[in-house]
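>>> Here's a sequence, model it:
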Amino acid sequence: SLISAPRQMLWQHLLVSLLGSFVVIDAVTITVNTTHIKSRDWVRVTYTGVPKNDRHGCFIGVFAPATANVSSFTPHTKSEWSSPFTETAPIKWIHCANSANGNFGKTGNGAYDFTLINMREDVVFWLFYNGLNKPKAQAKTATITFESPNQPSQVRLARTHSPTEMRVSWTSGEPEGAQVKWSQKADGPLMNIQSAETETYTAQDLCGPPANAQGFFKPGWLHSAIITGLKEGVPVRYSVGSKKAGWVPETSFKPAAPAAPHTPIKVLVVGDVGVTEPDHCNYHWEEPDAYQTFQFMYDRTKTHQLALHVGDLSYATGYETKWELFMDYVAGVASYVPYMTGLGNHERDWPGTGNAIGGIDSGGECGKPTEARFKMPTRSHIQGDGWYSFDQASAHFIMINTEMAVAENSDQYLWLQQDLMKVNRSVTPWVIVSGHRPMYLGDGISSHFQVLESMLYQYKVDLVLWAHIHYAMCTCPVYKGECKTKASNGYDAPVHAIIGNGGQSLTKPGFSRKYVKYGASYWGGNEIVIESATKMSLNFYVDGTNHLNYTHTITREWPRKY
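As a prediction, this is how the structure comes out:
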């Protein structure tokens, strides 16, 4: 070269300063067709001039904030690390060869259409050479800003212990003045106002990497309020927000039906779902079918009264930007019906944090992001417990936390025992228990959870929902591995079902045990339909086609003889 290396670097620096809208190193350019967008808008990224020798390892990443450190780094501890290995993890990325025009391999030029949700931070695209493990940043686009970045979003409802209450939670970029406005009048202004409690968490609140390092992203301000005095059966119109952040469009929900033996209820039940990037980008722990499971739920928000997500929610596992997309999806369900969650291994597990099973499956989150977003009616509001119960219509619902101790005389064991003892079958004839890791699998029984089996049988639980294993399965009424027939009191045994087929990669089917009545490996959504005090069905559907693959029906006498 006729220009010395220091002088060449100076010229490049000047060129960066002068151009402003994009960085140029050598002849590589990367540009966007817009720099100011609304949430969920599409952005076309165009890139040119990638040298032939660098095309194989070329990729484009999306980063927030726009000032993110994109230097290469090497993980030094065992965890749920995910490439590309930049100091700040990208939200998502694509290989340059995935260009919409299909000519990148020949020309070094390409384009790709990305969709972006409001991240409450400015966003930028970077182009890299040298592959995912040791990436070298080459060029970046102009900064992209969001219209109303602090606006409230991610609205979700949750049950409390009272049918005259509903917890309303949401996220925004503004910490002050958060409120719920609501009314049970058919029209007119939302005259009732409830102020929210507001919190956030920092990297220091998390337990390990990547959650508190490469994967950390500010979660915004998390608001939650309980509205009270709700009248049974009357729709609640509501909106959330603040004067500074603005307000979400008005929507509505129906109060939970109070406990009563003959009141029907329909419940959406899913597990191990994750989330799908609509632009087909690569991202941490990809779940390309999750959107169809969400669509299954979206289509039923007007006909169902409750949703249960039995652990393994977002699969963020330390890559915190993934929570933003997951919560955006969840709001399409949870703003209409209560969305009740359980803690799975990918939310909770981290060594030395109190969980019973150990492991690094949460990627350092140790439950904190989940507990901050999904506030459940736990004892004394201790979200770290993760176990709780509530009544709705003709059922008593129990969520246990399989990641915490369940051994005899443990806190959770004693709580579950006391909870089951208090159930009044003349008021809530059906009892449904849920937890993430299963007791019964297609090829065996977990000795770790079998300590609970005698209790579930003794207190005549009707249905036990598990997830964790990524297939659909249903047993006969089973106790100690044997199918049971009804005794003189009309009870046989709990039916165990696995509903871990919500979106994460499927488990190879293995259904060798005689207690398995149904087992299949496909993605799908599921529902519980309680028609009366005498009939409850569990329905398994196939994603996409909505084909009803299997129904298991449980019948009981009324009144109960136990």
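>>> OK, contacts around residue 87?
Applying C-beta atoms under 8 Å, 6 or more residues apart in numbering to residue 87 gives the contacts 68-73, 214. Just so you know, the C-beta spots here come from the backbone N, C-alpha and C atoms, and that holds for glycine as well.
>>> The residues you listed, buried ones only, as a PyMOL selection?
This is how PyMOL selects the buried members of these, with burial counted by 16 or more other C-beta atoms under 10 Å:
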select buried, resi 68+70+214
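>>> Please identify which of the contacts of residue 87 is nearest to residue 145.
Using C-beta to C-beta, residue 68 is the member of those that lies nearest residue 145, at 15.1 Å.
>>> Grab the nearest non-local neighbour of that closest one.
residue 88 (3.8 Å; C-beta to C-beta, 6 or more residues apart in numbering).
>>> How many residues are close by that neighbour?
Other residues near residue 88 come to 21 when the count uses other C-beta atoms under 10 Å.
>>> So it lies in a strand, does it not?
No: counting by DSSP: H, G, I helix; E, B strand; the rest coil, residue 88 is not found in a strand; it is coil.
>>> Could you pull up the residues touching it?
Applying C-beta under 8 Å, 6+ apart, we find residue 88 in contact with 63, 68-70, 214.
>>> So which of those residues are in strands?
residue 63 (DSSP state E).
>>> elements contacting the helix or strand where residue 517 lies?
Per DSSP states H and E: residue 517 is located in strand 516-520. Helices and strands touching strand 516-520, by 3 or more C-beta pairs under 8 Å, 6 or more residues apart in numbering; DSSP states H and E, are strand 472-479, strand 548-555.
>>> which residues are in contact with the first one?
Strand 472-479 is contacted by residues 440-442, 453, 457, 483-485, 492-501, 511, 515-522, 524, 526, 538, 540, 549-550, 552, 554 when judged by C-beta under 8 Å, 6+ apart.
>>> repeat for stretch 505-514
Counting by C-beta under 8 Å, 6+ apart, 287, 442-444, 469-471, 473, 481, 483, 500, 519-523 sit against stretch 505-514.
>>> Kindly recompute the last result at 10 Å.
By C-beta atoms under 10 Å, 6 or more residues apart in numbering, the surrounding residues in contact with stretch 505-514 are 272, 274, 285-289, 440-445, 468-473, 475-476, 478, 481-483, 498, 500-501, 516-523.
>>> in the stretch 401-550 of the chain, which spans are helices?
Ranges of helices in the stretch 401-550 of the chain, per DSSP state H, counting those that start in this stretch, are 411-422, 453-458.
>>> Adding mean neighbour count and mean pLDDT, write those out as a markdown table.
Listed next are the helices of the stretch 401-550 of the chain as a markdown table, based on neighbours: other C-beta atoms under 10 Å; pLDDT from 0 to 100:
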| stretch | mean neighbour count | mean pLDDT |
| --- | --- | --- |
| helix 411-422 | 15 | 98 |
| helix 453-458 | 17 | 98 |
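>>> in the stretch 51-200 of the chain, which spans are helices?
Here the stretch 51-200 of the chain has its helices, by DSSP H, counting those that start in this stretch, at 104-107.
>>> Now do the strands in it.
Using DSSP state E, counting those that start in this stretch, the strands of the stretch 51-200 of the chain run over residues 59-63, 92-95, 110-116, 124-129, 136-140, 145-146, 153-158, 166-172, 179-183, 192-195, 197-199.
>>> Using CSV, write out every CA atom in the first one.
Read that as strand 59-63. C-alpha atoms of strand 59-63 as CSV (Å, rounded to 0.1, in the frame of the first residue of the first chain):
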residue,chain,number,x,y,z
PHE,A,59,-23.0,-12.5,9.3
ILE,A,60,-25.2,-9.6,10.4
GLY,A,61,-26.3,-9.1,14.0
VAL,A,62,-28.9,-6.8,15.6
PHE,A,63,-27.8,-5.1,18.8
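>>> Now do the buried residues in stretch 167-175.
167-175.
>>> wait, stretch 210-228
For stretch 210-228, by 16+ other C-beta under 10 Å, it's 210-227.
>>> Which members of the buried residues of stretch 167-175 are the farthest-apart pair?
Across the buried residues of stretch 167-175 (C-beta to C-beta), the longest gap, 21.4 Å, separates 167 and 173.
>>> ok so, going back, need the helices of the stretch 401-550 of the chain in CSV with distance to residue 382, can you?
Shown next, in CSV, are these (distance: least, C-beta to C-beta, whole Å):
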stretch, distance to residue 382
helix 411-422, 10
helix 453-458, 22
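>>> how about those, which one is nearest residue 433?
Between the helices of the stretch 401-550 of the chain, helix 453-458 lies closest to residue 433; by C-beta to C-beta that is 6.5 Å.
>>> So what touches that closest one?
With C-beta under 10 Å, 6+ apart as the test, helix 453-458 has contacts from 398, 406, 408, 413, 416-417, 420-421, 431, 433, 439-440, 445-446, 449, 461-462, 464, 477-481, 484, 491-494, 496.
>>> Can I have the buried ones of the residues you listed as a PyMOL selection?
Command for PyMOL that selects the buried part of the contacts of helix 453-458, burial taken from 16+ other C-beta under 10 Å:
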select buried, resi 398+406+413+416+417+420+431+433+439+440+445+446+449+461+462+464+477+478+479+484+491+492+493+494+496
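>>> so how far is residue 489 from residue 477?
13 Å (C-beta to C-beta, to the nearest Å).
>>> now swap in residue 349 and tell me
Applying C-beta to C-beta, the value for residue 349 to residue 489 is 40 Å.
>>> Looking only at neighbour counts, state which of the two leads.
Between residue 349 and residue 489, counting by other C-beta under 10 Å, residue 349 is the more crowded of the two (23 against 12).
>>> how far away is the more buried one from residue 519?
26 Å.
>>> What of residue 294?
24 Å.
>>> Looking only at neighbour counts, state which of these two leads.
residue 294 (23 against 20).
>>> Ramachandran coordinates for that one?
With angles defined as degrees, to the nearest 10, residue 294 sits at phi -60, psi -40.
>>> same thing with the one 3 residues further on?
In this entry, residue 297 is assigned phi and psi values of phi -70, psi -40 (degrees, to the nearest 10).
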